[in-house]
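Peer 1: Structure for the following, please:
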Amino acid sequence: MSLAQTANDNAGPQPADEATASARQTPPPPAAAVPVPSWKMPFYMVASVLLFLTQGLGMNLVTANIYQLQGSFSATTTEVSWLSAAYMAPYASMSIALFKIRSQYGLRRFAELGIICFVIAAVLNLFVTDLHSALVVRTLSGMAAAPLSTLGFLYMLEPFPPERKLSLGISLALMCTLFASPVARIISPSLLHFGGYQALYMFEMGLALIVLPIIYLLPLTAPPRAKVIQGLDILSYLLLAVGFGCLAVVLTLGRLYWWFEAPWIGVLLAVSVGSVGTMLVIELPRANPLIDFRWLFSAANLRMAGVLLLFRFVSSEQSSTAASFYQQLGLLNDQTTTLYGIILLASLIGGLFCAFLMTTRYVETAHVLALALIAGGAFLDSQSTSLTRPPQMYLSQAMVAAGAAMFLPPVMANGFKTTMARGMQYIVNFLVIFVFTQSIGSLFASAMLGTFVTIREKFHSNVLVEHILLQDPIVAQRVSQLSAAYGKVLNDKMLLNGEGLALLGQQVTREAYILAYNDTFLAIGYSSVLGLIVLLLHQAWRRLPWSWTDRTAVAAS
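Peer 2: Coordinates of the predicted model:
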């Protein structure tokens, strides 16, 4: 049984006008859930972990090896980054369409077709010969990966009773979504040493073949099918897919080509805005819209979207900022294996502790602990120097990983409960919020933080260069020391001095980048503290007497 179906069982009655308006496209209530035998529960949970890893590795293997893949494709870093953009362009919106496809054509067909498509996409990776063919295959992989993410959630929720799906089940499922990134960086060195790019995707294909029989051996509870797809839904989704896809490409590559330098960035942004705007014009007058924009932009949904975007921003401390910092120091994946092993363990511990809190009345404590841990880790990382190495970041990165695992489940659970209280048809609207804040939001956070690093590096470079004068004896001595390595091959003192200046310039750039990353860690830490303050004030407000009166009046209306 899916999460949406379970929430629908516990939802209250719909208003008469809404129930009448949505009668044609709302699936009938699901049959009573059949309890899963206790001995089968571990198998469903392991299946969920495998599905999340299979889907997540497809997204993270390229990101984790962006520099190592340059040789395989004879391309620059910027050109190889197109692989990530090609993957995210279709992936950013596929979940929205898949919900209605699953409701109309059945969960069984959905699962079987989804895993078969992913296996085919994984096999096609083995026939990639150049960057252009890799781009085509990565686009297909992004489309095929979206069903696996949905199946991962469904398999984790399946063994739990209805009263536990929105607490324990969803917490464990969201915890599993964090495993793929560290696992990709742990296994990448061995795979690249074994067979380069082909080995990475041979491993992905192997995982896909492992989960293929799971779909047949461990069936999911299938809900009744209903005709929920209308003609205009297809047009609306295509416009949304174009809008989200163009935006995903811009956010992935904008800072690499620089925002105001490449004309095609503006063209893609214009196409994105035009597509979403056209969809808005189509959807607003409809009686049964694919997306109810009026409900989507309500105050409660905007608050939830703000919380989810905050999570994506602060959790990018680890997923993008810290990873880029290691690359700037010249650290390869094989030098950070232990660090990412600790991150993986911390994510597991944080997720399990959050699952425990979700079964108690201290659910809101998870947000407080999460923001406190992320803020503490970010402030510790902001003290980094050019001598910082992974062992000095074990504690800080473990704190960030545990905090990230604890933040999202309470928000998701409350969002689903609120959504399903209005009716099953609103689940697509909730998916828009979740997909936009997690897929597009993640790309936006990485793009903005990467842009901030670039701007701050230029600032620190200017400040440092102002103090480098050859008339300074210390600077002259440093240049002489750096150029000494070329003394045996260069007899011209001018060329020798130029090599020393070039090496000094490289060191200045490295130090400027380190200072820029420290500024970024500080910005993330202050953002976490600000979010924590707002959260504590909100919780205090909710406990005031007049707040109870206001909420009672809203509920009655």
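Peer 1: which SS state does residue 97 fall under?
Peer 2: helix (DSSP: H, G, I helix; E, B strand; the rest coil).
Peer 1: what is the mean pLDDT for the helix or strand where residue 305 lies?
Peer 2: For residue 305, the enclosing helix or strand under DSSP states H and E is helix 299-316. Along helix 299-316, the predicted confidence averages to a pLDDT of 80.
Peer 1: pLDDT wise, what is residue 516 at?
Peer 2: As summarised for this prediction, residue 516 has a pLDDT of 90.
Peer 1: what's the answer for residue 455, then?
Peer 2: According to the predicted model, the pLDDT of residue 455 comes to 90.
Peer 1: what's the answer for the one 4 residues further on, then?
Peer 2: Among the per-residue scores, residue 459 holds a pLDDT of 89.
Peer 1: same check, this time on residue 178
Peer 2: Confidence at residue 178, expressed as pLDDT, is 84.
Peer 1: what helices or strands is the helix holding residue 305 leaning on?
Peer 2: Applying 3 or more CB pairs under 8 Å, 6 or more residues apart in numbering; DSSP states H and E, one finds that helix 299-316 makes contact with helix 365-381, helix 394-422, helix 427-435, helix 441-466, helix 493-542. C-betas here are computed from N, CA, C, even on glycine.
Peer 1: Please report how far the closest residue to residue 384 other than its chain neighbours lies from residue 348.
Peer 2: Residue nearest to residue 384 in three dimensions, not counting chain neighbours: residue 518, with 5.9 Å by CB to CB, 6 or more residues apart in numbering. For residue 518, the distance to residue 348 equals 29 Å [CB to CB, to the nearest Å].
Peer 1: Kindly report the same for residue 339.
Peer 2: As it turns out, when the distance is counted by CB to CB, residue 339 lies 15 Å from residue 348.
Peer 1: Let me see the backbone angles for residue 78.
Peer 2: Note on residue 78: backbone dihedrals following degrees, to the nearest 10 are phi -60, psi -40.
Peer 1: low pLDDT regions in the stretch 201-350 of the chain?
Peer 2: Across the stretch 201-350 of the chain, residues meeting the criterion (pLDDT under 70) sit at 222-226, 228.
Peer 1: related to what we said a few turns ago, could you give the angle of the helix holding residue 305 to helix 394-422?
Peer 2: Going by axes from the mean of the first three to the mean of the last three CA atoms, to 10 degrees, helix 299-316 is angled at 160 degrees with respect to helix 394-422.
Peer 1: got a list of contacts for helix 299-316?
Peer 2: With CB atoms under 8 Å, 6 or more residues apart in numbering as the contact definition, helix 299-316 has outside contacts at 295, 371, 374-375, 378, 400, 403-404, 407-408, 411, 414-415, 418, 433-434, 436-438, 441-442, 444-446, 448-449, 524, 527-528, 531.
Peer 1: next one: that helix to chain centre, how far?
Peer 2: 13 Å (CA atoms, centre = their mean, to the nearest Å).
Peer 1: Stretch 253-266 now?
Peer 2: Averaging C-alpha coordinates over stretch 253-266 and over its chain gives two centres that are 22 Å apart (CA atoms, centre = their mean).
Peer 1: That one: which residues count as buried?
Peer 2: 253-256, 265 (16 or more other CB atoms under 10 Å).
Peer 1: Go ahead and name everything in contact with it.
Peer 2: Counting contacts by CB under 8 Å, 6+ apart, the residues touching stretch 253-266 from outside are 77-78, 81-82, 85, 250, 447, 450-451, 454.
Peer 1: Considering these, which possesses the most neighbours?
Peer 2: Taking other CB atoms under 10 Å as the neighbour criterion, residue 250 ranks highest of the contacts of stretch 253-266 with 25 neighbours.
Peer 1: Need phi/psi at that residue.
Peer 2: The phi and psi torsions at residue 250 (degrees, to the nearest 10) take the values phi -60, psi -50.
Peer 1: Next, the angle from the helix or strand residue 197 falls within to helix 394-422.
Peer 2: Element membership of residue 197, judged by DSSP H and E, is helix 180-217. Here helix 180-217 points in a direction 50 degrees away from that of helix 394-422 (the same axes, to 10 degrees).
Peer 1: Return the set of buried residues in helix 180-217.
Peer 2: Residues 180-189, 191-192, 197, 199-205, 207-208, 211-212, 214-215 are the ones in helix 180-217 that count as buried (16+ other CB under 10 Å).
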